[in-house]
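1. Curious how this folds, go ahead:
(2 chains)
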There are 2 protein chains.
Amino acid sequence: MTSSSTAHPSAAPPARDDRARVNRLRDTIEDNLTTALPAADSTALAPKLIDAMRYSTLAGGKRLRPLLCAATAVAAGGTAEQAIPAGLALEYMHTYSLIHDDLPAMDDDSLRRGKPTCHIVYGEADAILAGDALQALAFETLTNQSCAAATRIKMLKVLSYASGWVGMVGGQSLDLELTGTASVTQAQLERLHAAKTGALLQASTELGALAAEPAEATTVSLCRDIGAKLGLAFQVIDDVLDISQSTETLGKDAGSDAEQGKTTFVDLLGMAGAQDYAHALHETAHQLMRNLPGDTSLLAAVAWDLVFRDH
Amino acid sequence: MTSSSTAHPSAAPPARDDRARVNRLRDTIEDNLTTALPAADSTALAPKLIDAMRYSTLAGGKRLRPLLCAATAVAAGGTAEQAIPAGLALEYMHTYSLIHDDLPAMDDDSLRRGKPTCHIVYGEADAILAGDALQALAFETLTNQSCAAATRIKMLKVLSYASGWVGMVGGQSLDLELTGTASVTQAQLERLHAAKTGALLQASTELGALAAEPAEATTVSLCRDIGAKLGLAFQVIDDVLDISQSTETLGKDAGSDAEQGKTTFVDLLGMAGAQDYAHALHETAHQLMRNLPGDTSLLAAVAWDLVFRDH
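-> Below you'll find the predicted structure:
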């Protein structure tokens, strides 16, 4: 019975053209970030704050969230350009969370994306403030999304839920609480990561769908589900890489999960089991994509890179 | 020539009825905060985070920003009820800024509103996260304001500007940079405080006017100007109180400006000069109120309390 697999082929490595499209899209996002961030010119109120915001945002991230957002907009029947402001908002939100997570009072990391962390360079006070200002900038940027006002309000709701006490920040607090706890179950770990990293990745696909205005409610819901599967797969792979890769390749301290006493998916499932789980989640996301109305090749390529990565 | 002063009487202490209305409004705001904040029940993702959010928000603040917002809505021709969600959003934003400002890496304060600060009770990590979550909650709350979507977008823009790198956070970064600097001018000090505390107070009156939908553009602009005058007056009085009042009355460490090497309006203008300046700003705000279309008695009462206060 190969007909079903022909009708719904499994995920495969991106074609050369799709890879080139992803790279061009990443360049566009990078250019937009560089231009849209405030500049520390002579009229700036607080130049050091702005330097800190630019330093961490422009430190060479993979731009997964804006890529996922823009690629989902295409898959939902819109264009990548429509989703650029939402993508920038997601990247500001993600960067602020990294700055705060790296603080001495939290994970106390000195290295991020191969560079000294924000508080090492600018001091703790301006690192906290740079994170705070990036969060405000994320919401401000989303108010400028070129959609009907009612759609923008929906998008702002999605972003505030994903980043607040039921999402990213709640997940980080739970992570700190469970760190050092001996008997964390898979259900607890999935709940933690669904909030800590999953919520913003899920918001990335949902915002992409909403940006492709007017998207059907079923399309938006499908995109949200795809984001949830990919978000969990992303985290499982993160746990795998923390053990299997060097600090140099990761650009952040390898082996830090074990050192900090954090339970990982590798602890619960073993190395091969964790990889299998991530690949199964990716495959499910891929099958869900087949029901989207637009061209899914870009989204499939971004999803592939999100799972099959080395850092 | 008493005719002009009869047509535009100077600010006077609130009548007994207006004082009672302010107190009732403060009770309504308090009730709304208690109900609207997340509850740390058994289903909560991160109960400690929620406890920290509630602890700092419900620590007995004066609720000046929500009061100013609701009273301005009335003065702009609407009702106080219309401005309650915006008022809650302002209070969440204000509370997050206090939690972060009190951190060891910033002002390192152990006392706020007569109680131990958030990081003393919940630790630095959850204090940082409680602030982060309150900022997200502020934006989320404003998306639920019962106004046309286009008006809500305007309100979200106002709040994000007021709280970000050009407003509150920028002002705090500049404050840290100027602390210990010998020759701060009055112009620098006003620019600092216009951003650090003024922007959110100005947003309070502007959001109040926008909530009184549909408000004329000239009304919104006038309300913004009133907020700017009152915001500066508020800060000048803050500097006066830091010297003239005890720690017990203030509910926070008295004399901390001098101890931390911060330049104040009292340093630049003297005690009497600073008081005169605050009263002149208050009088200007009061004169501007005369051009508003609604009942300004509530706003006048809130403005009076904002300037003639002992803590």
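2. can you tell me the residue of the stretch 201-311 of chain A closest to chain B?
-> Across the stretch 201-311 of chain A, the shortest distance to chain B (CB to the nearest CB) belongs to A:A203, at 11.8 Å. (C-beta placed from N, C-alpha, C; glycine too.)
3. and the nearest residue to that residue once chain neighbours are set aside, what does it touch?
-> Spatially, and ignoring its direct neighbours in sequence, A:A203 is nearest to A:A162 (3.7 Å; CB to CB, 6 or more residues apart in numbering or on different chains). When contacts are counted by CB atoms under 8 Å, 6 or more residues apart in numbering or on different chains, A:A162 is found next to A:M168, A:A199, A:L200, A:Q202, A:A203.
4. What about the residue nearest to A:K262 when sequence neighbours are not counted, how many residues nearby?
-> Nearest in space to A:K262, with sequence neighbours left out and distances taken as CB to CB, 6+ apart, is A:T179 at 5.3 Å. Other residues lying near A:T179 total 14 when counted by other CB atoms under 10 Å in any protein chain shown.
5. and the next element down the chain from the host helix or strand of A:Q275?
-> Using DSSP states H and E, A:Q275 maps to helix A:265-289. Going down the chain from helix A:265-289, the next helix or strand is helix A:297-307, by DSSP H and E.
6. Which strands and helices lie in contact with that following helix?
-> With contacts defined as 3 or more CB pairs under 8 Å, 6 or more residues apart in numbering or on different chains; DSSP states H and E, the packing partners of helix A:297-307 are helix A:16-36, helix A:64-75, helix A:217-244, helix A:265-289.
7. orientation of it relative to helix A:64-75 in degrees?
-> Relative orientation of helix A:297-307 versus helix A:64-75 (axes from the mean of the first three to the mean of the last three CA atoms, to 10 degrees): 150 degrees.
8. Correct me if wrong: the residue of the stretch 201-311 of chain A closest to chain B contacts A:L159.
-> Yes. Taking contacts as CB atoms under 8 Å, A:A203 lies within contact range of A:L159: 5.9 Å.
9. For the two, list the residues in contact with both.
-> Shared contacts of A:A203 and A:L159, defined by CB under 8 Å, 6+ apart, are found at A:L90.
10. ok, back up a step: any idea how far A:A274 is from the residue nearest to A:A203?
-> A:A162 sits 25 Å away from A:A274, going by CB to CB, to the nearest Å.
11. can you list the weak-confidence ranges in the stretch 201-311 of chain A?
-> For the stretch 201-311 of chain A, not a single residue meets the criterion pLDDT under 70.
12. For A:M53, which residues are in contact?
-> Counted by CB under 8 Å, 6+ apart, A:M53 has contacts A:L37, A:P38, A:A130, A:A133, A:L134, A:L137, B:W165.
13. Turn these into a markdown table, columns for distance to A:F308, neighbour count and pLDDT.
-> Listed next are those as a markdown table, based on distance: CB to CB, whole Å; neighbours: other CB atoms under 10 Å in any protein chain shown; pLDDT from 0 to 100:
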| residue | distance to A:F308 | neighbour count | pLDDT |
| --- | --- | --- | --- |
| A:L37 | 30 | 18 | 98 |
| A:P38 | 36 | 19 | 97 |
| A:A130 | 32 | 31 | 98 |
| A:A133 | 35 | 30 | 98 |
| A:L134 | 29 | 28 | 98 |
| A:L137 | 32 | 27 | 98 |
| B:W165 | 37 | 27 | 97 |
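14. Which members of these occur in helices, if any?
-> A:A130, A:A133, A:L134, A:L137 (DSSP state H).
15. quick one, what contacts the last one?
-> To tie it back to what came earlier, the one meant is A:L137. A:L137 makes contact with A:L37, A:P38, A:M53, A:Y92, B:S160, B:G164, B:W165 under the criterion CB under 8 Å, 6+ apart.
16. at 10 Å what do you get?
-> A:L137 makes contact with A:36-38, A:53, A:57, A:88-89, A:92-93, A:95-96, B:160, B:163-166, B:169 under the criterion CB atoms under 10 Å, 6 or more residues apart in numbering or on different chains.
17. For ChimeraX, write a command that selects the buried ones of those residues.
-> Restricted to buried positions by 16 or more other CB atoms under 10 Å in any protein chain shown, the ChimeraX selection for those reads:
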select /A:36,37,38,53,57,88,89,92,93,95,96 /B:160,163,164,165,166,169
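18. Would you point to the one among the helices and strands packed on helix A:297-307 that's packed deepest?
-> helix A:64-75 (a mean of 30; mean count of other CB atoms under 10 Å in any protein chain shown).
19. Tell me which helix or strand comes right after it.
-> Scanning forward in sequence from helix A:64-75 by DSSP H and E, the next helix or strand is helix A:84-101.
20. do that next one and chain B meet?
-> Yes. Counting by CB under 10 Å from any CB of the partner chain, contacts between helix A:84-101 and chain B involve A:M93, A:Y96, A:S97, A:H100, A:D101.
21. how about these in a markdown table, adding distance to A:I237 and pLDDT?
-> Shown next, in a markdown table, are the residues of helix A:84-101 next to chain B (distance: CB to CB, whole Å; pLDDT from 0 to 100):
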| residue | distance to A:I237 | pLDDT |
| --- | --- | --- |
| A:M93 | 21 | 98 |
| A:Y96 | 23 | 98 |
| A:S97 | 18 | 98 |
| A:H100 | 23 | 98 |
| A:D101 | 18 | 96 |
